[in-house]
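Chemist: Can you look at this prediction? I've put the sequence above it.
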Amino acid sequence: MPGSERAISRLLWRGRRAEERLAGLIEEHRRELEAQRARFQETIEDLERREQLLSDARASVERLLRLGSKDLDARETDVARLVSELTEREEGLRDEEAEIGRRRTELGAVELRRKRVEQRELALEAREARLEEREVEAREPDVAPTLAFVPGAAYRLVEIDAAGAGGEAVDVDGETYDILRIGPSPLPGDARRCAYLVRGLRNEASPGGSS
């Protein structure tokens with residue numbers, strides 16, 4: 001009997017050891033499960049935080065997109081308005097350029113007509129001056145000239161004897177000149193008559209030709 005009791009005691013002791021070992025394994029496994037559960041909980045909380053952040057970010061992006069869409073629509077409206085204004089300005093500028101070109105053409109025609117009128121006025125004034133000169137010559141008495149406009153290398157004015165200038169030729173410095181015309185003195189304020197001379201034909205005739 002004592003031997004069987006010892007065997008039973010050993011078996012019981014072994015059973016308690018097995019239970020203790022089993023309890024230890026169970027406790028260790030429980031702790032591992034608790035640690036895993038804690039890690040899972042942390043992971044879930046981190047995922048929830050990330051999901052919340054993602055949701056907030058999505059909401060922010062959606063708000064930005066809505067704001068951006070409104071701003072883009074507003075800018076497109078502004079751009080369309082500016083394009084319309086620029087188109088109107090360009091059309092106005094084209095009309096103004098056309099008007100300026102038309103006015104330049106008109107001014108050019110007016111300037112051309114003005115120049116023509118000025119030329120006609122100058123020609124008319126010259127004709128009137130010639131007519132007045134002729135009228136003065138016609139009104140002046142038939143007075144013998146006392147000046148002579150002598151041709152040569154340089155034209156010169158000389159005084160002549162009025163008594164000897166009644167014919168169609170005048171002797172000046174030993175040379176004979178023909179009177180082309182008689183008119184007023186070219187000197188300002190000079191009332192004397194002037195004979196405008198040309199070289200006489202007598203001077204051109206040679207003695208050999210007369211023989």
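Modeler: Perfect, I can see it now. Residues are numbered from 1 along each chain as shown.
Chemist: what separates the lengthiest strand in the chain from the chain centre, distance-wise?
Modeler: As assigned by DSSP state E, the longest strand anywhere in the chain is strand 175-184. Centroid separation for strand 175-184 versus its chain: 65 Å, with C-alpha atoms, centre = their mean, to the nearest Å.
Chemist: same check, this time on stretch 182-201
Modeler: In terms of C-alpha atoms, centre = their mean, the centre of stretch 182-201 is set 61 Å apart from its chain centre.
Chemist: show me where the protein has strands.
Modeler: 147-150, 156-159, 169-172, 175-184, 193-199.
Chemist: what about those strands, which gets the closest to residue 94?
Modeler: Within the strands of the chain, the stretch nearest residue 94 is strand 175-184; the backing value is 63.6 Å (C-beta to C-beta). For the C-beta atoms, the positions are set from N, CA and C on the backbone; glycine is no exception.
Chemist: what's the closest one packed up against?
Modeler: Using 3 or more C-beta pairs under 8 Å, 6 or more residues apart in numbering; DSSP states H and E, the elements in contact with strand 175-184 are helix 2-139, strand 169-172, strand 193-199, helix 201-204.
Chemist: So, low pLDDT: which residues of this protein?
Modeler: Counting by pLDDT under 70, the low-confidence segments of the chain come to 1-15, 134-143, 162-167, 200-211.
Chemist: ok, back up a step: how about the strands of the chain in TSV, adding distance to residue 129 and mean neighbour count?
Modeler: Listed next are the strands of the chain as TSV, based on distance: least, C-beta to C-beta, whole Å; neighbours: other C-beta atoms under 10 Å:
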stretch	distance to residue 129	mean neighbour count
strand 147-150	19	20
strand 156-159	22	12
strand 169-172	27	16
strand 175-184	13	16
strand 193-199	17	19
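Chemist: between these, which gets nearest to residue 109?
Modeler: Nearest of the strands of the chain (C-beta to C-beta): strand 175-184, 42.3 Å.
Chemist: tell me the angle of that closest one relative to strand 193-199?
Modeler: Interaxial angle, strand 175-184 versus strand 193-199 (axes from the mean of the first three to the mean of the last three C-alpha atoms, to 10 degrees): 140 degrees.
Chemist: quick one: strand 175-184 to helix 2-139, angle?
Modeler: Using the same axes, to 10 degrees: strand 175-184 against helix 2-139 is 110 degrees.
Chemist: what comes up buried for stretch 54-69?
Modeler: Neighbour counts over stretch 54-69 (16 or more other C-beta atoms under 10 Å) mark no residue as buried.
Chemist: so who does residue 93 touch?
Modeler: Residue 93 makes no contacts at all, as judged by C-beta atoms under 8 Å, 6 or more residues apart in numbering.
Chemist: sorry, back to before: to residue 76, which of the strands of the chain lies closest?
Modeler: strand 175-184 (88.5 Å).
Chemist: Can you give the strand pairings for the closest one, parallel or anti for each?
Modeler: Paired neighbours of strand 175-184 in the sheet (DSSP bridges): strand 169-172 (antiparallel), strand 193-199 (antiparallel).
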